[in-house]
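# curious how this folds, go ahead:
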Amino acid sequence: MKVVKNEIRINTKGEIDIVDITRMVEDIVRDSGIKNGVATIFIPGATGAITTIEFEPNLIQDFKDILEKLVPKTGHYRHPINGHSHLRASILGPSLSVPIVGGTLTLGTWQQIVFVELDVRPRSRRLIVQVIGE
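Residues are numbered from 1 along each chain as shown. Below is the predicted model of the structure:
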């Protein structure tokens, strides 16, 4: 069994910036040489999230709208300044695992891997990608 760890570095624009990282993850998987296994993408931080979505402008806006409805920025939170950011990140989650078959991520036709910035300000983010397999 082989384990390869790599990082993706991105700069975000701030609250609910959604960044398509699919190509970057695919590149790491290809360079790993692993043909069958799993890729895990993880954000070490409490106000960022990793998920999948069809990266299409209208759907991205719908996603932003639903986050605002579920956890409004203007709600009453005991954690000052960015309590809503932490709650949104907790709901979405900090990681994603994608099976690798034949050296390729097994994503659906319209499915992209995205990083979701939930903090109230632009950030420089470091994402961990660990590829495990044979």
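# hey, where'd the helices end up in the protein?
Using DSSP state H, the helices of the chain run over residues 22-32, 57-70, 83-92.
# show me what counts as buried in stretch 35-43.
Neighbour-count burial for stretch 35-43, with 16 or more other Cβ atoms under 10 Å as criterion, is recorded at Gly37, Val38, Ala39, Thr40, Ile41, Phe42, Ile43. Every residue, glycine included, has its C-beta placed from N, CA and C.
# chain neighbours aside, what residue packs nearest to the residue positioned nearest the centre of the chain?
Centroid check for the chain by Cα atoms, centre = their mean gives Ile50 as the closest residue, at 2.2 Å. Distances taken as Cβ to Cβ, 6 or more residues apart in numbering put Leu96 closest to Ile50, at 4.6 Å, once the chain neighbours are dropped.
# specify the beta-bridge partners of that neighbour.
Ile41 (DSSP bridges).
# burial count for it?
Neighbour count for Leu96, taken as other Cβ atoms under 10 Å: 19.
# about what we covered before: looking at the helices of the chain, which is nearest to Glu117?
Of all these, it is helix 83-92 that lies closest to Glu117, at 8.9 Å by Cβ to Cβ.
# on that earlier part again, next one, pLDDT for the residue nearest to the centre of the chain please.
With respect to pLDDT, Ile50 scores 98.
# how near is it to Pro80?
As judged by Cβ to Cβ, to the nearest Å, Ile50 and Pro80 stand 26 Å apart.
# next one: Thr106
When Thr106 is compared with Pro80 (using Cβ to Cβ), they lie 42 Å apart.
# and what of Met24?
For Met24 relative to Pro80 (Cβ to Cβ), the value is 34 Å.
# show me which of the two is the more surrounded one.
Using other Cβ under 10 Å as the criterion, Met24 and Pro80 rank with Met24 on top: 20 against 6.
# could you pull up the residues touching the residue nearest to that one when sequence neighbours are not counted?
Leaving aside its chain neighbours, Met24 sits nearest to Ile8 (4.8 Å; criterion: Cβ to Cβ, 6+ apart). Ile8 makes contacts with Ile21, Met24, Val25, Ile28, Ile41, Arg126, Leu127, Val129, as judged by Cβ atoms under 8 Å, 6 or more residues apart in numbering.
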